[in-house]
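Student: Predicted coordinates and the sequence they were generated for:
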Amino acid sequence: MARFLRPLLRGTTYTRLLHLWVPMLIVSVWMFVDPSTPWVPALALVPVGLVPAVRMGEGVQARLLLTPGEQEPGISVTPSRTWRDRLRTVVWLEVRMALGAAALFATVWLPVLTYELTRAAGGVVPPDLPVLDRTMPEWTYALLVPLPVVVYYGVVVGCGHLITAVARRLLGPSAAERLAALEERAEQLLERTRIARELHDSIGHALTVAVVQAGAARAAGDPTFTDRALNAIEETGRAALEDLERVLAVLRETERPVSGRPTMADADRLLESARAAGAEVDADVTGPVEKVPGPVSREGYRILQEALTNVLRHAGAVPVRVRVTVSGGSLGLEVRNPLTAATPGPGRGSGLRGIRERAALLGGHAHTGPHEGDWQVRAELPLR
């Protein structure tokens, strides 16, 4: 019994009933104007539903009264964009008025019927009660008293559930809106992936340089070398903090431009950092690197950074050959170092996967793996 009565204790039951009653206000006013044409308000809803903004207003009402507190009610609050949306809005308005009329009739007359049956059970049979046989014993009226109460319960609860289901069907997102929502979700996931790559590349590079420098300084036992190692660790750490601030700024301010991120024009900083960590870097830059478009230049910087980080992490202080070429409408990057047993194989590691993903997003391609006795990271990014 408690479970049966639980819907009557929920506020949603009565906000849904209120939602059904609202259209009846228009009908009630019209009945004072011309009671012989009760169908006019329903006819007038057709042009009203074709107005794009009406769908947004109906969606707001439905969310507020039919699904209060729900995070994902499945009801759109945007104007109609297509004729299909407008026709769905018209059907919704007509269904809402029809269910509203049924709910109003039931909620007004069923309590009256209950009252009259109660009077009849007490021996006072009202003359305007034609549905009942006046020759019936009084106790039969008492048996009929719960019937309109049960019907009242069914109407109040059932119509509320029905109008909510209809709202989700007719006011729910259209195919275009669902596609737009999916695209927005995909953009958010791509942004999260990009930020994860930024943190991995930047912080991973700084920590790798710091670990290599600290280990080399301890093994060397030379105060002069130790001083240079500490300076390199300090500079690398400061650069990593700057990158971290840029990434956090993107998280805090979604509209913040990405132009503050490092580009290929800052590649010398990466090369010097790798040299300070003990690697013998042979770098050759050909072409106008400073004229490379921003998105390509920024992603190229991160690819170079991850490639150098992998060298220091897996191979240590080894000779590294870096080639940067801007020609033929593309930016070419190549980083080679002697192949060691600790070097990861193709396809392993999130850093190598990130290199290939960055290149693919720009319409380019990247290769990571052994090549002619060396470990090679080679990427080609189109400038357009």
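Tutor: Right, received. Where do you want to start?

Student: residue boundaries of the strands in this structure?
Tutor: Along the chain, counting by DSSP state E, strands occupy 280-286, 319-327, 330-338, 365-371, 374-382.

Student: give me the beta-bridge partners of H371?
Tutor: D374 (DSSP bridges).

Student: Now render the strands of the chain as CSV, adding mean neighbour count.
Tutor: The way it works is simple: take the backbone N, C-alpha and C, and place the C-beta from them, glycine included. Formatted as CSV, the strands of the chain follow (neighbours: other CB atoms under 10 Å):
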stretch, mean neighbour count
strand 280-286, 14
strand 319-327, 18
strand 330-338, 21
strand 365-371, 16
strand 374-382, 21
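
Student: Pipe these into JSON lines and attach mean pLDDT and distance to T82 per row.
Tutor: Listed next are the strands of the chain as JSON lines, based on pLDDT from 0 to 100; distance: least, CB to CB, whole Å:
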{"stretch": "strand 280-286", "mean pLDDT": "89", "distance to T82": "53"}
{"stretch": "strand 319-327", "mean pLDDT": "91", "distance to T82": "47"}
{"stretch": "strand 330-338", "mean pLDDT": "91", "distance to T82": "42"}
{"stretch": "strand 365-371", "mean pLDDT": "89", "distance to T82": "40"}
{"stretch": "strand 374-382", "mean pLDDT": "90", "distance to T82": "37"}
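
Student: export these to JSON lines and tack on distance to W21?
Tutor: As requested, those are exported to JSON lines (distance: least, CB to CB, whole Å):
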{"stretch": "strand 280-286", "distance to W21": "75"}
{"stretch": "strand 319-327", "distance to W21": "70"}
{"stretch": "strand 330-338", "distance to W21": "66"}
{"stretch": "strand 365-371", "distance to W21": "64"}
{"stretch": "strand 374-382", "distance to W21": "62"}
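
Student: between those strands, which one is nearest to P137?
Tutor: strand 365-371 (92.2 Å; CB to CB).

Student: Kindly state which of the strands of the chain is positioned closest to L25.
Tutor: Closest to L25 of the strands of the chain is strand 374-382 (CB to CB; 62.7 Å).

Student: The strands of the chain: which one's closest to A219?
Tutor: Of all the strands of the chain, strand 280-286 sits nearest to A219, with 17.3 Å by CB to CB.

Student: That closest one vs strand 330-338, what angle?
Tutor: Taking axes from the mean of the first three to the mean of the last three CA atoms, to 10 degrees, strand 280-286 and strand 330-338 form an angle of 160 degrees between their directions.

Student: any low-confidence regions in this protein?
Tutor: For the chain, the stretches with pLDDT under 70 are 1-2, 125-136, 138, 175-176, 179-195, 197-198, 200-202, 205, 245-260, 341-350.

Student: Looks like C159 contacts A101 (just checking).
Tutor: No - using CB atoms under 8 Å as the test, C159 is too far from A101 to be in contact (10.6 Å).
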